[in-house]
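> heads up, no residue letters with this:
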């Protein structure tokens, strides 16, 4: 069962992930919203679309732009709609 952990806090724990390009995309409802702070950062992927980011806030520390999601992914990436992935030191075990 994949778990996402950072700074000693479990961010997500579910059997329902979608793996794309080696990244586990967790259902957004599997993550405690109090651990996420919206970011103004966006990036563009040629085949997935525009990604938006969250800063993770856990145990009094922040990890800027360490979670991303696609609000309206392109058709080729439709399976990640409503899901969020992690990086920047977040461990998926």
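Thanks, I have the structure now. Since the model is a prediction, treat every value here as computed from it, not as a measurement. Numbering: from 1, shown residues only.
> In space, what's closest to residue 47 - neighbours in sequence excluded?
residue 76 (5.1 Å; CB to CB, 6 or more residues apart in numbering). C-beta: built from backbone N, CA, C; applies to glycine.
> Look at that neighbour and give its secondary structure.
When classified by DSSP: H, G, I helix; E, B strand; the rest coil, residue 76 comes out as helix.
> Show the pLDDT at it.
pLDDT recorded at residue 76 is 97.
> List the beta-bridge partners for residue 57.
residue 62 (DSSP bridges).
> thinking it is in contact with residue 36, fair?
Yes. Between residue 57 and residue 36 there is a contact under CB atoms under 8 Å: 7.3 Å.
> Show me which of the two is the more surrounded one.
residue 36 (20 against 15; other CB atoms under 10 Å).
> wait, the more buried one sits on residue 54?
Yes. Counting by CB under 8 Å, residue 36 does reach residue 54; the two are 4.2 Å apart.
> what do those two both touch?
residue 67 (CB atoms under 8 Å, 6 or more residues apart in numbering).
> What average pLDDT does the helix or strand hosting residue 53 get?
Assigned by DSSP states H and E, residue 53 belongs to strand 49-58. The pLDDT scores in strand 49-58 average 98.
> tell me what it is packed against?
strand 9-13, strand 36-45, strand 61-69 (3 or more CB pairs under 8 Å, 6 or more residues apart in numbering; DSSP states H and E).
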